[in-house]
Structures are given as C-alpha cells and as structure tokens.
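>>> next comes the sequence, and after it the predicted model I'd like to discuss.
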Amino acid sequence: MSWFESASASAIPGAEFLLLVIGLPILVFGLVKLLVLPLSVVFELRAARRRRRETPTLLDEWPSVSIIVPAFNEATVIENCVRSIQLTRYDRYEVVLVDDGSTDNTAALMHGLAAADPRITVLTQANAGKGAALNLGIRKATGEVLMFVDADGIFSQNTVKRMLQGFTDQRTGAVCGDDRPVNLNRVQTRMLAFISHVGTGMVRRALTMIGCLPIVSGNIGAFPRRVLEEVGPFREDTVGEDLELTWRVHKAGYRVVFAPRALVYAESPSTVRALWRQRVRWARGLLQTMGVHKGMIGNLRHGQFGAYLLFNTITMVVLPVFQIFVLLDLVFLLALGRSPFGADVWAILGWVGLVITLLLTVFALAMNRAWKDLRHVWALPLVPLYSVFTSLTMVAALVQELRGKEARWNKLTRTGVVSVTAPDPRAKVSV
C-alpha cells in the first residue's frame with residue numbers, strides 16, 4: 001500500500017464522522033422548516049375568516065398613497081411598470097419616479113410619462129445608489145402610505161387595494177406583497193417561478209403567523225408614513241436596504257405582514273451569471289444587516305423575532321457552509337470507493353427530498369391559486385442543484401464581506417420580456 005493510499009484510508013473514519021456531525025444539523029433544521037406548511041394553512045384560514053367578517057382595514061379609510069419607483073438604466077421596463085400602475089382601481093395615488101443618474105434614456109421616458117399624467121412626479125439625482133434614490137422619493141412624496149416598487153414591477157389592477165387591506169391595525173408597520181417572475185422564457189426563470197410559490201408565498205405566510213417576517217421586499221412593499229418618520233428612512237450604506245429597514249420596524253415593536261393577493265410581476269435573472277450576482281448581493285445584504293443589528297439576534301427582548309433571527313442565522317449563513325462541506329466530504333469518500341450509509345440510503349433520501357418538495361409546491365400552488373404553474377413541474381430535478389448554487393453564493397458573500405469588497409446596487413440588466421398577464425385575483429375588492 002502506497003503512502004497516499006495509507007493516508008487516504010486513515011482519513012476515511014474522520015471524513016465519515018465529519019459527515020455525520022455536520023450533516024445531522026442540516027437534516028434537523030430541514031425538518032423544522034417543514035412547519036411552514038401547517039403555519040401557512042392557518043394563515044389562509046384566518047385570512048378567509050377576516051374576509052367573511054369584513055374586518056376593517058386601512059383600505060376603508062381610503063388614504064393617499066405614494067408609489068415610489070427608483071430607477072437606474074431602466075429604459076427597457078419603466079414604461080410597462082408605470083402603465084400598469086395607471087390601470088389601478090385605486091384613485092388616491094401619486095407616482096414618484098426617481099432617476100438615479102441613468103446613462104440611458106430612462107429620465108427622458110419618465111418625463112414623457114409625467115407630461116401626460118399629472119399624478120406622476122419625476123426626480124433626478126447623480127448616481128448614489130438605490131437607498132439614496134428611495135430616500136429622495138420619500139422626501140418628496142406626499143402620501144399617507146409610502147409604497148415602493150422596483151422599476152420592472154408590473155401591477156395587477158387590485159395590487160394597491162390588496163396592499164392597503166394588509167394593514168389591519170395601528171401596530172401593522174409594514175406590508176409585503178407577493179412578487180412573481182414575469183419573464184418565463186428560460187429554463188432558469190421557469191424553475192424560479194415554480195419554486196417561488198414555496199420559497200416566497202408559503203414561507204412568508206408562515207413567518208407572518210409567528211410575527212417573524214424578516215423582509216419587506218423591494219419589489220413590492222408599503223409603510224405608513226408615520227412609521228418611517230419614527231424608525232427613519234432607508235440606510236444608504238448597505239445593499240440590503242429593504243431587509244435592514246424591516247428589522248428596524250420589528251425593533252420598534254410593529255408587525256410586518258404578508259399580503260399574498262397583492263401581486264407584482266417582476267423580472268427574475270435569466271442567466272446563471274445574473275442569478276449569481278443577485279443572490280450574492282442578497283446574501284451580502286443579510287450579512288451587513290446582521291452586522292448592523294447583531295444585538296437583535298437571539299435577543300429575547302425582541303420577542304419571537306429575536307429568537308427567529310438566531311434560527312435564521314443558522315439556516316441562512318451556517319448551514320449553507322455546512323452543505324458545501326458535506327458535498328466535498330461526500331466527493332472525497334466516493335472517490336475512495338466509500339458510500340457512507342450505503343448507496344440505497346442516499347437514493348432514498350434524494351427521492352424523499354424531491355417528493356417533499358413537490359408536495360410543498362403543490363400546496364403552495366393551491367394557496368396562490370396558480371395551478372397554471374404546474375406546467376413547470378419538469379424543473380423539479382433542478383432544485384437540488386439550485387440549493388447547492390445558493391449555498392455557494394453565501395460562501396462567496398462571506399468571503400467578499402471578510403475581504404471588505406465594495407458592495408454596489410449591481411442591479412439586473414433587464415430584458416423587457418413579459419410572459420404573463422397580471423391577473424385580478426378573486427375578482428372584485430369590496431370597499
């Protein structure tokens with residue numbers, strides 16, 4: 001036996017032990033995350049009960065709404081976004097378009113839209129980033145409710161009303177709508193559309209139920225002006241400005257809720273490179289927010305949200321690193337002809353994982369009444385690869401943060417592809 005073979009053989013027990021030690025937490029936390037199913041079901045039951053009882057919401061007060069749209073080089077999509085807003089069935093609104101130093105004809109298109117509609121205001125600034133653009137919009141907006149949407153967002157006619165219905169009391173500090181992919185022309189975007197019903201719709205329902213929804217998406221979110229006056233505007237020194245602001249809203253004692261029927265369709269990354277850059281940016285936004293609010297993580301003075309942040313840190317930061325180590329460990333053992341726990345066990349675990357993912361997705365599709373997206377079920381086998389991909393983006397984000405690499409807005413290059421028609425879910429909205 002050569003020295004290499006001898007060293008490899010002696011390393012096998014350690015590699016198998018490491019696989020068990022770091023693989024077990026992944027399994028345990030994965031099982032805990034299955035609680036999203038019963039919690040999201042309870043969310044739907046309570047929402048249905050509120051509708052039957054016609055529980056009063058902020059919509060009944062008919063507040064003025066400012067829809068703020070930041071944009072940097074968004075000429076491809078800005079007109080579709082604004083025209084979808086103009087079709088809203090809610091008439092007490094204004095649109096505040098903020099051009100963040102675009103180098104294309106975004107500003108010209110904005111001014112053209114404003115010239116034809118007095119409800120539209122155009123603001124311009126030298127390129128300073130998304131947070132600065134949002135804050136400029138806040139300063140100039142006049143609405144009682146401030147609604148933020150990315151420049152590629154396409155509203156349904158009832159989106160604004162559905163968002164306002166999410167505010168059920170004075171302690172509701174923010175409402176997050178449901179953003180779904182609009183560009184279904186690639187394998188990647190179809191996969192993202194399929195799995196988003198679980199990763200976005202079902203998870204946000206569940207987290208609302210336990211008072212722990214950690215983010216109001218920049219794609220579609222709303223805040224009462226009084227809440228932002230209390231907690232402050234967006235930070236301009238982080239790429240996770242929407243996440244950081246949401247944590248501050250929680251810290252101030254407000255509730256953050258999900259409005260699943262407030263739909264906005266937006267572009268998903270259509271290339272692997274674009275998806276990588278987006279997910280790394282999201283991961284860095286999380287890490288930066290954790291640095292700003294490290295005192296909240298695991299701090300029970302912030303109630304269940306503080307406890308959830310510890311769970312979130314483990315699942316979003318620690319476990320992705322563990323997953324990469326598990327895969328490397330498996331490759332090492334398989335290269336030496338060892339199959340830990342037997343090949344049959346791994347095959348069973350793989351099939352069980354796919355079946356559970358399918359069942360969760362079907363439940364999520366039912367909740368979202370989006371049965372049409374079952375046509376993307378063929379993308380299911382790509383989900384394990386996507387899981388590894390997202391783990392790698394967290395590893396990359398950790399490396400970039402440790403190296404102090406500059407973080408920028410780094411927005412997607414828009415394609416302008418629109419593959420869906422924004423529906424008006426559940427017909428009319430009673431007011």
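Sure, I can see it. Note that the structure is a prediction, hence the values are computed from the model and not measured.

>>> contacts for stretch 284-298?
235, 238-244, 247-248, 250-251, 302, 305-307, 309-310, 313, 316-317, 397-398, 400-401, 407 (CB atoms under 8 Å, 6 or more residues apart in numbering). In short, each C-beta sits where N, CA and C put it, glycine included.

>>> what's the first-to-last distance across it?
20 Å (CA to CA, to the nearest Å).

>>> in it, what's buried?
Arg284, Gly285, Leu286, Leu287, Gln288, Thr289, Met290, Val292, His293, Met296, Ile297 (16 or more other CB atoms under 10 Å).

>>> pull the most distant pair out of the residues you listed.
Arg284 and Met296 (18.5 Å; CB to CB).

>>> just give me the neighbour total for Leu113.
If you count neighbours by other CB atoms under 10 Å, Leu113 ends up with 19.

>>> distance check, it against Ile78.
Applying CB to CB, to the nearest Å, the value for Leu113 to Ile78 is 8 Å.

>>> check Phe389 too.
Applying CB to CB to Phe389 and Ile78 gives a distance of 30 Å.

>>> could you do Leu37 as well?
Counting by CB to CB, the gap from Leu37 to Ile78 is 38 Å.

>>> what does Gly240 give?
Using CB to CB, we find Gly240 at a distance of 24 Å from Ile78.

>>> ok, now Glu401?
32 Å.

>>> what's the answer for Ala126, then?
Separation of Ala126 from Ile78 (CB to CB) stands at 19 Å.

>>> now do Ala274
Using CB to CB, Ala274 is found at 19 Å from Ile78.

>>> Met163 now?
21 Å.

>>> check Arg277 too.
Counting by CB to CB, the separation of Arg277 from Ile78 is 21 Å.

>>> more crowded one of these two?
Legend: neighbour count by other CB under 10 Å for Arg277 and Ile78, higher for Ile78 (24 against 18).

>>> could you list the low-pLDDT ranges of the stretch 201-350 of the chain?
Residues of the stretch 201-350 of the chain meeting the criterion pLDDT under 70: 336-350.

>>> how about the strands in it?
220-224, 255-266 (DSSP state E, counting those that start in this stretch).

>>> what angle separates the longest one from strand 220-224?
It stands for strand 255-266. Orientation of strand 255-266 against strand 220-224 (axes from the mean of the first three to the mean of the last three CA atoms, to 10 degrees) gives an angle of 140 degrees.

>>> partner strands of strand 255-266, with direction?
strand 154-155 (antiparallel), strand 172-181 (parallel) (DSSP bridges).

>>> how about the helices in the stretch 251-400 of the chain?
Counting by DSSP state H, counting those that start in this stretch, the stretch 251-400 of the chain has helices at residues 272-292, 303-313, 319-335, 343-368, 383-403.

>>> for Val28, find the nearest of those helices.
That would be helix 319-335 among the helices of the stretch 251-400 of the chain, by CB to CB, at 10.0 Å.

>>> mind giving me the packing neighbours of that closest one?
helix 3-32, helix 383-403 (3 or more CB pairs under 8 Å, 6 or more residues apart in numbering; DSSP states H and E).

>>> wait, which of these is closest to Gln86?
helix 383-403 (35.8 Å).

>>> averaged pLDDT, the closest one. What do you get?
For helix 383-403, mean pLDDT is 94.

>>> in that helix, what's buried?
Per 16+ other CB under 10 Å, helix 383-403 contains these buried residues: 383, 386, 390-398, 400-401.

>>> try stretch 199-217
For stretch 199-217, using 16+ other CB under 10 Å, the buried residues are 199-209, 212-217.

>>> tally up the residues packed near Thr142, please.
12.
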